[in-house]
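>>> Mind looking at a prediction? Sequence and model below.
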Amino acid sequence: MNDSSCPRRRIAGYNQFAKLIKKGNAVKVYIARDADPYFSDNILRELTGKKGIEVVTKYSSARLAEMVNVDVPTAVVTEVIDREEE
């Protein structure tokens with residue numbers, strides 16, 4: 001099945017990011033442009049060597065919160081593809 005035809009979900013927060021990266025489920029990671037540089041560097045370091053994951057840094061933490069319908073700014077949002085169980 002083509003990945004572009006699968007529905008995508010966006011999930012906020014570092015802990016979810018870490019789990020999704022470890023499982024290999026992430027396809028895109030949004031890092032807030034106003035996130036603490038130390039935090040951003042840690043996210044980027046965890047993505048080192050991971051292929052096929054797009055990184056987007058153009059949105060603010062407030063905009064990322066809007067994207068995932070949460071009330072507080074978020075520094076990282078991870079996008080995953082929902083695949084049918086095989």
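Received it, and whenever you're ready, just let me know what you need.
>>> Who are the contact partners of S60?
Counting by C-beta atoms under 8 Å, 6 or more residues apart in numbering, S60 makes contact with 32-34, 73. In short, each C-beta sits where N, CA and C put it, glycine included.
>>> The spatially most central residue of the chain: what's it in contact with?
The centre of the chain sits closest to T78, judged by C-alpha atoms, centre = their mean, with a distance of 1.8 Å. T78 is in contact with 10-11, 16-17, 20-21, 26, 28-30, counting by C-beta under 8 Å, 6+ apart.
>>> Kindly export stretch 34-50 (C-alpha atoms) in CSV.
Extracted in CSV, the C-alpha atoms of stretch 34-50 (Å, rounded to 0.1, in the frame of the first residue of the first chain):
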residue,chain,number,x,y,z
ASP,A,34,11.0,28.9,19.3
ALA,A,35,11.9,25.7,21.3
ASP,A,36,14.9,25.8,23.6
PRO,A,37,18.0,25.1,21.5
TYR,A,38,19.2,22.4,23.9
PHE,A,39,15.9,20.6,23.5
SER,A,40,15.9,21.0,19.7
ASP,A,41,19.5,19.7,19.5
ASN,A,42,18.5,16.6,21.5
ILE,A,43,15.6,15.9,19.2
LEU,A,44,17.9,16.3,16.1
ARG,A,45,20.5,14.0,17.7
GLU,A,46,17.9,11.3,18.3
LEU,A,47,16.9,11.5,14.6
THR,A,48,20.5,11.0,13.5
GLY,A,49,20.7,7.9,11.3
LYS,A,50,16.9,7.6,10.9
